[in-house]
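In: Sharing a model prediction with you, sequence too.
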Amino acid sequence: MRRLFPHPADHVTVSEAYGVQRPTTLGRPWVGLCMVSSLDGATVVEDNSRALSCDADRDVLLGLREFADMLLVGASTIRIEGYGRPKKPGQRVAVVSRTGNVNLDCELFTSGAGFLLLPENAPPVACDSVRAGIDRVDFAAALALIDTGFIQAEGGPLLNAALAEADVLDELNLTISPLICGGDGPRLTTAAAPMLHQMDLAHVLEEDGFLFTRYVRQH
């Protein structure tokens, strides 16, 4: 990849671009969101993100997973994208669900890596869980209960919307795919309430027409 901003350079590695120091003084984990979207904002094509992606985008995703202490993902996304045991030893995956109706027999949970993030009034579950909020997860309260450094969120759009509404998104790593998809599929923060949260542009990289942007929240 080449860096367009800041300090243009012809060759930049994922480690150089994304292996940056992240603050540890928030009273909760630093939360980054990694997503890919089309030029017109679509985040999925035929129910998943693969058609929007490329090798460099997958390298960014895998690189960020290496830097992250924990992953955060919606229950429908682990099913659609086929999440299994993380490759990084000891890394855990927080799976968000309102009801706890998740297949606990999949590798993610049988390996012990997966646990559920649930509302306090969700039914009992046969796995580790963190509970906060009534009827829906209170992310500000839930994150305060999780003792880790950098959490990478990976969607889907409803989870993204909930994190944005809770104002806990500290970093957005957004790959812009050079495709126009049309349709009425989900966008980055589907069903989010109106908001204005300022983020600063940290870098722009490019490869084969894909743009790799990183934005950091103003604290």
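Out: Thanks, I have the structure now.
In: going forward, measure contacts between C-alpha atoms and count neighbours the same way
Out: OK.
In: which residues in the protein form strands?
Out: 2-5, 30-37, 70-74, 92-96, 114-118, 129-131, 150-153, 171-176, 199-207, 210-217 (DSSP state E).
In: Include mean pLDDT, mean neighbour count and distance to Gly19 when you put those strands into TSV, please.
Out: Formatted as TSV, those follow (pLDDT from 0 to 100; neighbours: other CA atoms under 10 Å; distance: least, CA to CA, whole Å):
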stretch	mean pLDDT	mean neighbour count	distance to Gly19
strand 2-5	98	16	15
strand 30-37	95	23	13
strand 70-74	96	23	15
strand 92-96	97	25	19
strand 114-118	98	27	24
strand 129-131	97	18	28
strand 150-153	97	25	12
strand 171-176	97	23	12
strand 199-207	97	17	13
strand 210-217	97	20	12
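In: Turn the ones you listed into CSV, columns for distance to Asp47.
Out: CSV is the format used below for these (distance: least, CA to CA, whole Å):
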stretch, distance to Asp47
strand 2-5, 30
strand 30-37, 13
strand 70-74, 14
strand 92-96, 19
strand 114-118, 23
strand 129-131, 27
strand 150-153, 18
strand 171-176, 18
strand 199-207, 25
strand 210-217, 21
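In: Out of these, the one nearest Gly182 is which?
Out: strand 30-37 (11.8 Å; CA to CA).
In: ok now the closest one, how far from the chain's centre?
Out: 4 Å (CA atoms, centre = their mean, to the nearest Å).
In: before we move on, back to that, of the strands of the chain, which approaches Leu61 most closely?
Out: When these are compared (using CA to CA), the closest one is strand 30-37, at 6.9 Å.
In: Partner strands of the closest one and their direction?
Out: strand 150-153 (parallel), strand 171-176 (parallel) (DSSP bridges).
In: residues in contact with the nearest residue to Gly133 once chain neighbours are set aside?
Out: Spatial nearest neighbour of Gly133, chain neighbours left out: Pro119 (4.9 Å); criterion: CA to CA, 6 or more residues apart in numbering. Pro119 is in contact with 98-99, 131-138, counting by CA atoms under 8 Å, 6 or more residues apart in numbering.
In: From Gln152, how far off is Pro119?
Out: Distance, Pro119 to Gln152, using CA to CA, to the nearest Å: 20 Å.
In: do the same with Pro8
Out: 27 Å.
In: and what of Ala126?
Out: Ala126 is 25 Å from Gln152, by CA to CA.
In: Asp55 too?
Out: 19 Å.
In: re earlier: could I get the strands paired with strand 30-37 as a markdown table with distance to Tyr215?
Out: Converted to a markdown table, the strands paired with strand 30-37 look like this (distance: least, CA to CA, whole Å):
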| stretch | distance to Tyr215 |
| --- | --- |
| strand 150-153 | 14 |
| strand 171-176 | 5 |
